[in-house]
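Colleague: coordinates for the following, if possible.
(one chain, ligands or ions: 1)
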Amino acid sequence: MNKHSFTEKIENIEVLIGLLDLLPSPVYIKDKNHIWVAVNNAFCEFLGYPAEKLIGKSDFDYNPAEQAQVFWDADNRVLDNKEDSLDIEETTNSRGDLLWVESRKSYYETSNGEPYIIGVITDITELELQKKAALEAERKAKLASVTKSEFLANMSHEIRTPMNGIMGMAELLLNTKLTPRQTDFANTINQSGHALLTIINDILDFSKAEACQIELEQTPFHLRNCIEDVTALLASTVNDKDLDLLVRIQPDLHLSYVGDVGRVRQILTNIIGNAVKFTSEGHVLIDVDGETRNGITQLKIQVIDTGIGIAPDKLGTIFEKFSQADGSTTREYGGTGLGLSISKQLTELMGGEISVSSDLDKGTSFSISLPLEITNVITDDSKKNIDISISGSNILIIDDNSINLNILTEQLRHWKCKTIAVDSAQMGLSVLKQAFNKGIKIDLVIVDYQMPIHSGEDFYLDKQKDSDIADIPVIMLSSVDSTELRNRMGFGHISSFLSKPAKSSVLYNAIVDIIYGLDKRSIPIKSVSVKSKSDSFHSRNTDSNHVDILIAEDNEVNQKYASYVMEELGLTYVIVPNGKMAIDKWQLLSPSAILMDISMPKMNGYDATKVIRQIEKDRFLSPTPIIAVTAHSMKGDDKICLQKGMDDYLSKPLSKQSLKECLVKWGVCFDAKLQAAHKW
Ligand code: ADP
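Modeller: Now for the predicted structure:
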């Protein structure tokens, strides 16, 4: 191109650019050598260079080579193919900022055949940054989900292992010769352990459901057995009340199904357990109907009670997590508010639905509809195993935790089995091999799943590789979901998975089934926490009508603990289960101090304190020290207690030392002899 024709073209283009300057989008024109021959104002602003610095230059003069090469290649495509292009490209401005652009390039040819590229740029930097942030967030969420599931599996193990020790040892302790007082202590440990395990299970299940990590098992089960398991568990609570627990099952209903019996039982335990909990007289009816079509029964299980009912405005929210119809501190019933939320999620996971209707003060009716596949496998095995002996069976136990090893050994010996206990998978394999070589038959191995270095899974897989010992059945004790593990291991039908801590009856059944080849898998029954009777009243009173301490506390275990502490301190005391009774007893007994729980049925600790302070004021009485004792150990709770008219604050669990210091501070006298005897 000679100088004249280039200038002439530039002049033409500049006329065009004069117009393009009016446009808000950055626009440029490049010649066939990738050189900018014209740029508009928006383009100059976008890159941060004046037009005179850009004209006659190319992308390579202003961009890192890698970026410039991308533009260059795109230009070539436009020039070679004489067609438009649209690309997302990176560029760098004069401040060194990395920018993302959507670059449209059009091929343009002058009348004398000279090719040009006309480019229009859209700045999409913000959009790209958002996209990148979203991708990063997704990556992090995936990572968090994996971490969460690992955390859950670990927590499940970490919590259940010591629970196993606590409850197992308490159970063993109860089998020894104990004084009535010791039996009482051991029973309390056991009951509290069960209650805690229920809460832990609920929280873990809830987290699993939230992380979509619940997997359903598909095994044959009998619905009547399943319901009876649940009602048997509630029998003692029902007996303590003026209550009938009724079960009606449609007579011709096929009752053997394939499904996750553990989860069905969990749902029923929660719904029936609630019905029993919230009903003090009348009945709880479990009414089962169903319709079978094409091998699927559409089950309808109704749980109808004559209890306290649910207010219409609460009915819509009770399936929400942590939701309780009565969320006040005067709550009379325990619970976490997770049960219904878990039950709903589980029912829906099984393809079913759950609904509720209720009349306040008249009763509540829950309706669960559940599609279940029918089976002809005989699963009604409720009468099984009771009289079958496993005495003389040779059982190898493998667990790295010595407490569990002891509990299992003791339990199995109680059943007259012969046991060998080892603490690692490798030792276990070597014992099996030695026994085989000596011609000793090992009937069964009980192995813990979670063990360091070589897990229960490693043990099982190694055992299966050795044809001499591959046929020996295994009971795997695991605190994680078994379905996935069983599938992964190709776990044989002769073996069984049990959740920890395994109930002794469940373990017994599993052993019988394996040894006698009955192939019944047992799933432990979830326990139900039993609420203390609200009107219990304990005292170690002197014959005068004065006591040292008035204790307002509704929880039976805490009442018991408080009474032991009081006795150790040599103090006279009276325990009442609610705020109303605290006011009555305070007027009657003029205690030296009151230990006041905050959350209590009928009247909470705050309201009781308010009434007491008002009476003291009206009658010109000197104030009784009121010490709040509460599990609400949140920051700021102490201030609230003081604002509400209390004098001091102790958080649960109560320590004897802090209680004593507190009582001394508030002028309660201790019996000197008892003090010396207990070396305070
Ligand atoms: P929790 O029982 O642990 O509080 P749930 O999720 O099982 O938690 O129940 C949530 C709430 O629904 C209960 O606190 C109670 O207020 C109400 N509720 C559930 N079942 C019944 C029932 N049968 N009768 C009355 N209220 C009920």
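
Colleague: okay, now residue 464: neighbour count?
Modeller: Here the number of neighbours of residue 464 (other CB atoms under 10 Å) works out to 17. All C-beta spots, glycine's among them, are computed from the backbone N, C-alpha and C.

Colleague: revised request: answer the last question for residue 613.
Modeller: Number of residues near residue 613 (other CB under 10 Å) recorded here: 17.

Colleague: before we move on, what about residue 365?
Modeller: The burial count assigned to residue 365 is 17, neighbours taken as other CB under 10 Å.

Colleague: what's near enough to touch it?
Modeller: In this structure, residue 365 makes contact with 302-305, 356-358, judged by CB atoms under 8 Å, 6 or more residues apart in numbering.

Colleague: from those residues, which is closest to the ligand?
Modeller: Distance to the ligand across those (CB to the nearest ligand atom) is lowest for residue 305, with 5.1 Å.

Colleague: one step back: now for the contacts of residue 365: which two are most distant?
Modeller: Comparing all pairs in these by CB to CB, the longest separation belongs to 302 and 358, at 12.8 Å.

Colleague: between these two, point out the one with more neighbours.
Modeller: Using other CB under 10 Å, the more surrounded residue of residue 302 and residue 358 is residue 358, with 22 against 17.

Colleague: pairing partners for the helix or strand that one falls within, with directions?
Modeller: For residue 358, the host element (DSSP states H and E) is strand 353-359. Paired strands of strand 353-359, with direction, are strand 363-374 (antiparallel) (DSSP bridges).

Colleague: quick check: buried residues in the strand it pairs with?
Modeller: Within strand 363-374, the residues that qualify as buried are 363-372, 374, counting by 16 or more other CB atoms under 10 Å.

Colleague: packing partners of the longest helix along the chain?
Modeller: With residue count as the measure and DSSP state H as the assignment, the chain has helix 125-174 as its longest helix. For helix 125-174, the helices and strands in contact under the criterion 3 or more CB pairs under 8 Å, 6 or more residues apart in numbering; DSSP states H and E are strand 98-109, helix 180-210, helix 402-414.

Colleague: gap between the closest residue in space to residue 95 that isn't next to it in sequence and residue 549?
Modeller: Nearest non-adjacent residue to residue 95, counting by CB to CB, 6 or more residues apart in numbering: residue 48, 6.0 Å away. When distance is defined by CB to CB, to the nearest Å, residue 48 is 79 Å away from residue 549.

Colleague: what's the closest non-adjacent residue to residue 611?
Modeller: For residue 611, the nearest residue in space outside its immediate sequence neighbours is residue 583; the separation is 5.3 Å by CB to CB, 6+ apart.

Colleague: can you show me the strands along the stretch 201-350 of the chain?
Modeller: Taking DSSP state E, counting those that start in this stretch as the test, the strands found in the stretch 201-350 of the chain are 219-222, 242-249, 256-259, 281-293, 296-305.

Colleague: near the ligand, which of the buried residues of strand 363-374 show up?
Modeller: Among the buried residues of strand 363-374, the residues lying close to the ligand (CB under 6 Å from any ligand atom) are residue 364.

Colleague: for residue 313, find the nearest of the helices and strands packed on helix 125-174.
Modeller: Among the helices and strands packed on helix 125-174, helix 180-210 comes nearest to residue 313, with 24.4 Å by CB to CB.

Colleague: for that closest one, what is the average pLDDT?
Modeller: Looking at helix 180-210 alone, the average pLDDT works out to 79.

Colleague: buried ones in it?
Modeller: Of the residues in helix 180-210, those scored as buried under the neighbour-count criterion (16+ other CB under 10 Å) are 185-186, 188-195, 197-198, 201-209.

Colleague: and the angle for that helix with helix 125-174?
Modeller: With axes from the mean of the first three to the mean of the last three CA atoms, to 10 degrees applied, the angle from helix 180-210 to helix 125-174 works out at 160 degrees.

Colleague: returning to that earlier point: separation between the residue nearest to residue 95 and the ligand?
Modeller: 61 Å (CB to the nearest ligand atom, to the nearest Å).

Colleague: so residue 417 touches residue 392, yeah?
Modeller: Yes - in this structure, residue 417 sits in contact with residue 392. The criterion is CB atoms under 8 Å, and the distance is 7.2 Å.

Colleague: and the two? Which one has more around it.
Modeller: Neighbours were tallied for residue 417 and for residue 392 using other CB under 10 Å; the higher tally belongs to residue 417 (21 against 10).

Colleague: residues touching the more buried one, list them.
Modeller: By CB under 8 Å, 6+ apart, the contact set of residue 417 is 390-395, 511.

Colleague: try it again with 6 Å
Modeller: Going by CB atoms under 6 Å, 6 or more residues apart in numbering, residue 417 touches 390, 393, 395.

Colleague: with residue 299 instead?
Modeller: Applying CB under 6 Å, 6+ apart, one finds that residue 299 lies in contact with 290, 370, 372.

Colleague: which one of these is nearest residue 67?
Modeller: The shortest separation between residue 67 and any of those is 60.7 Å, and it belongs to residue 370 (by CB to CB).

Colleague: apart from its chain neighbours, what residue comes closest to the closest one?
Modeller: That would be residue 352: by CB to CB, 6+ apart, it lies 3.9 Å from residue 370.

Colleague: quick one: the one you found and residue 358, what's the gap?
Modeller: Spatial separation of residue 352 from residue 358 under the definition CB to CB is 20 Å.

Colleague: and the residue of the protein nearest the ligand?
Modeller: Shortest the chain-to-the ligand distance, computed as CB to the nearest ligand atom: residue-wise this is residue 335, at 2.3 Å.

Colleague: what's near enough to touch that residue?
Modeller: For residue 335, no contacting residues are found, by CB under 6 Å, 6+ apart.

Colleague: try the one 3 residues further on
Modeller: When contacts are counted by CB under 6 Å, 6+ apart, residue 338 is found next to 202, 206.

Colleague: next, give phi and psi for it.
Modeller: According to degrees, to the nearest 10, the main-chain angles of residue 338 amount to phi -100, psi -20.

Colleague: what pLDDT is listed against residue 500?
Modeller: Residue 500 is assigned a predicted lDDT (pLDDT) of 62.

Colleague: ok, residue 482 next?
Modeller: In the prediction, the pLDDT value recorded for residue 482 is 60.

Colleague: next: the one 5 residues further on.
Modeller: The per-residue pLDDT reported for residue 487 equals 68.

Colleague: swap in residue 39?
Modeller: At residue 39, the predicted lDDT confidence score is 90.

Colleague: same thing with residue 535?
Modeller: Among the per-residue scores, residue 535 holds a pLDDT of 33.

Colleague: surely residue 205 touches residue 341?
Modeller: No - because the distance of 9.7 Å does not satisfy CB atoms under 6 Å, residue 205 is recorded as not touching residue 341.

Colleague: please name the bridge partners of residue 220.
Modeller: With DSSP bridges applied, residue 220 shows beta-bridge pairing to residue 258.
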